[in-house]
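In: coords below, sequence missing:
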């Protein structure tokens, strides 16, 4: 059986703070008799004296002090919960789970997310690198909120919007004999500089190689596109990175870009959600922000 409610806690704390039943009753808009009955019922529920009645008012017993301490904690937590839920309902607070491929995370997410996070300090975004075929499955199962996938992914049952254009290129040392364009089969003949095995781009390239009955000849794995580019510049091997990254790092490094003669090298990326109308407001706000980013992206091919 419930022995007290939030009203009891508020009245009890008020009585402790004011040291007077009449003062507590006036502030809580109750008659003194009603407030006194609530406090007596509270004491009876625990079979404890929580107050000492004196000629000058009331004061808490040791049990009353303990009860008051816990009551304040409960009331503070309840108020924090109200504030958090209000912020959640208004779209000002929450955590958004975003999944994307490697290229998008490196080349667009920093620019796309920074203004949104700056303007929404109580919204947190969890961003993870996943291959497109995993992203759509995780969206359908409710384990992600927003996904960025290639057009080749099966987006059946998901709502989708065209996002940004994505092109992969091959970067080679300046002295390399590779020129013009190269097929993936030719690329697999050379030593590769790659990213960590669990990265979506590495999984994607490994799957393509498996389809050809080949295995990528990865000589070294680097943590990011910049370090990969530096290793290629040093003549250690060749690497596959987004064209935007190749253009950026090519300004300061001495390597060449070679087009990849494969349909998969040029991809349309899509934003996907399971059901836009069911998104919390803060997630819908981020989705709208990303769509606006796509509209303003000068390199979009759409």
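Out: Cool, got the structure. Bear in mind that the values here come from a model prediction, so they are computed numbers and not experimental data.

In: I'd like the average pLDDT over the longest strand seen in the chain.
Out: Using DSSP state E, we find that the single longest strand of the chain is strand 159-173. The average pLDDT for strand 159-173 rounds to 92.

In: Quick check: can you list the domain ranges of this protein?
Out: Per automatic domain parsing, the structural domains of the chain span 6-89, 96-268.

In: For those, state which one has the densest average packing.
Out: Of all the domains of the chain, domain 96-268 carries the top mean neighbour count, a mean of 18, counting by mean count of other Cβ atoms under 10 Å. C-betas here are computed from N, CA, C, even on glycine.

In: on that earlier part again, which elements pack onto the longest strand of the chain?
Out: Judged by 3 or more Cβ pairs under 8 Å, 6 or more residues apart in numbering; DSSP states H and E, strand 159-173 is in contact with helix 102-107, helix 225-233, strand 239-242, helix 243-250, strand 255-260, strand 266-273, helix 281-296.

In: who wins for proximity to residue 121 among these?
Out: Residue 121 sits nearest to helix 281-296 of all the helices and strands packed on strand 159-173, at 11.9 Å, using Cβ to Cβ.

In: coming back round to it: relative to residue 275, which of the domains of the chain is closest?
Out: Taking those one by one with Cβ to Cβ, domain 96-268 is closest: 6.6 Å.

In: Endpoint to endpoint, that closest one covers what distance?
Out: Start-to-end span of domain 96-268 (Cα to Cα, to the nearest Å) is 23 Å.

In: For residue 243, which non-adjacent residue is closest in space?
Out: Once flanking residues are discounted, residue 243 sits nearest to residue 167: 4.4 Å by Cβ to Cβ, 6 or more residues apart in numbering.

In: Tell me how far the one you found lies from residue 260.
Out: As for residue 167, its distance to residue 260 is 9 Å (criterion: Cβ to Cβ, to the nearest Å).

In: do residue 31 as well
Out: Remark: distance between residue 31 and residue 260 (Cβ to Cβ) = 83 Å.

In: And residue 26, by the same measure?
Out: Residue 26 sits at a distance of 79 Å from residue 260 (criterion: Cβ to Cβ).

In: just checking, residue 163 touches residue 294?
Out: Yes. Using Cβ atoms under 8 Å, residue 163 makes contact with residue 294 at a distance of 4.9 Å.

In: and for those two, which residues touch both?
Out: Contact criterion Cβ atoms under 8 Å, 6 or more residues apart in numbering; residues bridging residue 163 and residue 294 by contacting each: residue 271.

In: circling back: each with direction, which strands does the longest strand of the chain pair with?
Out: When pairing is defined by DSSP bridges, strand 159-173 lines up against strand 239-242 (antiparallel), strand 255-260 (antiparallel), strand 266-273 (antiparallel).

In: I'd like to know which of the domains of the chain is closest to residue 276.
Out: With Cβ to Cβ as the criterion, residue 276 lies closest to domain 96-268 of the domains of the chain, at 5.2 Å.

In: now that closest one, how far from the centre of its chain.
Out: Put simply, domain 96-268 sits 20 Å off its chain's centre (Cα atoms, centre = their mean, to the nearest Å).

In: Likewise for stretch 282-301?
Out: 16 Å.

In: Give me the contact list for that stretch.
Out: Residues from elsewhere that reach stretch 282-301, judged by Cβ under 8 Å, 6+ apart: 88, 91-94, 96, 98, 108, 111-112, 115-116, 120, 123, 125, 145-146, 161-165, 244, 268, 271, 273, 276, 279.

In: tell me which residues in it are buried?
Out: Of the residues in stretch 282-301, 282-287, 289-290, 293-294, 297 count as buried by neighbour count, 16 or more other Cβ atoms under 10 Å.
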